[in-house]
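Engineer: Model the following, please.
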Amino acid sequence: MIEVAVIEDPAAAEATLDPVRARLLAELSAGPASAAMLAGRVGLARQKVNYHLKTLERHGLVELVEERRKGNVNERMMRATAASFVISPTALGAVQPDPGRSPDRLSARWLLALAARLVRDVGALITGADRAGKPLATFAIEGEVRFASAADRAAFAEELASSVTALVAKYHDETAERGRPHRVVVAVHPSLRPPPEPEPRPAPEPAAGEER
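Structural biologist: Got it, this is the predicted structure:
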């Protein structure tokens, strides 16, 4: 089982968006199970689970691990083909985000379009590398910075842009005959705040005559 699979086929993407199939994928990413085993976990009839499993198998989202005889039936042990899945914007066809339409480095929507293209392109590269049996050379870095003010944030962005521009100019070689272009994407956005923890419920008052 691979760690992450990128879904490019619209029909496969639609299959994962069904709540029941999404639950089955989650169960099967944790380990192999049969339709009978899954039926008890998700509260559905085995025949209904079988129907959903066949749909997921047809789109390459689950696979057969083992087939064994149990009583009068053959039990098919299935598992997810990946631990997690990402739907590529390619599945959206003509309506997928296009960062070339309105490039604006201060636009959150343009950042989202860049992120969508990153998922699409890296997904296609992973697929091609897997088919060719070759490793894929990538690099990513992540961090978090707490700005004291909006002015500091703006200054950081300008300094970051200057540094990246200088690095690109230093290493870019338009004349390299066997060189391969690489895309550089750098983004800064506010971190999501963790959801507040629920307040503890007060203990119920004891009924009359009961001891505390």
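Engineer: center of the protein, which residue is that?
Structural biologist: By Cα atoms, centre = their mean, the chain has its centre lying nearest to Val86, at 3.6 Å.
Engineer: That one belongs to a strand?
Structural biologist: Yes. Counting by DSSP: H, G, I helix; E, B strand; the rest coil, Val86 is found in a strand.
Engineer: isn't Asp9 right up against Arg58?
Structural biologist: No. Taking Cβ atoms under 8 Å as the definition, Asp9 is not a contact partner of Arg58, at 10.7 Å. Every residue, glycine included, has its C-beta placed from N, CA and C.
Engineer: Distance of Arg79 relative to Glu63?
Structural biologist: 6 Å (Cβ to Cβ, to the nearest Å).
Engineer: Which residue of the two possesses the greater neighbour count?
Structural biologist: More neighbours surround Arg79 than the other of Arg79 and Glu63, with 18 against 14 (other Cβ atoms under 10 Å).
Engineer: which residue ranges form the helices in this structure?
Structural biologist: Here the chain has its helices, by DSSP state H, at 10-17, 19-30, 35-42, 46-58, 108-132, 150-171.
Engineer: Show me what the third one is in contact with.
Structural biologist: Residues outside helix 35-42 that contact it (Cβ atoms under 8 Å, 6 or more residues apart in numbering): 20, 23-24, 27-28, 33, 44-46, 48-50, 53, 75-76, 78.
Engineer: so where's this structure uncertain?
Structural biologist: 203-212 (pLDDT under 70).
Engineer: Excluding residues flanking it in the chain, which one is nearest Glu75?
Structural biologist: Ser34 (4.8 Å; Cβ to Cβ, 6 or more residues apart in numbering).
Engineer: and if you look at Leu44?
Structural biologist: Val20 (7.0 Å).
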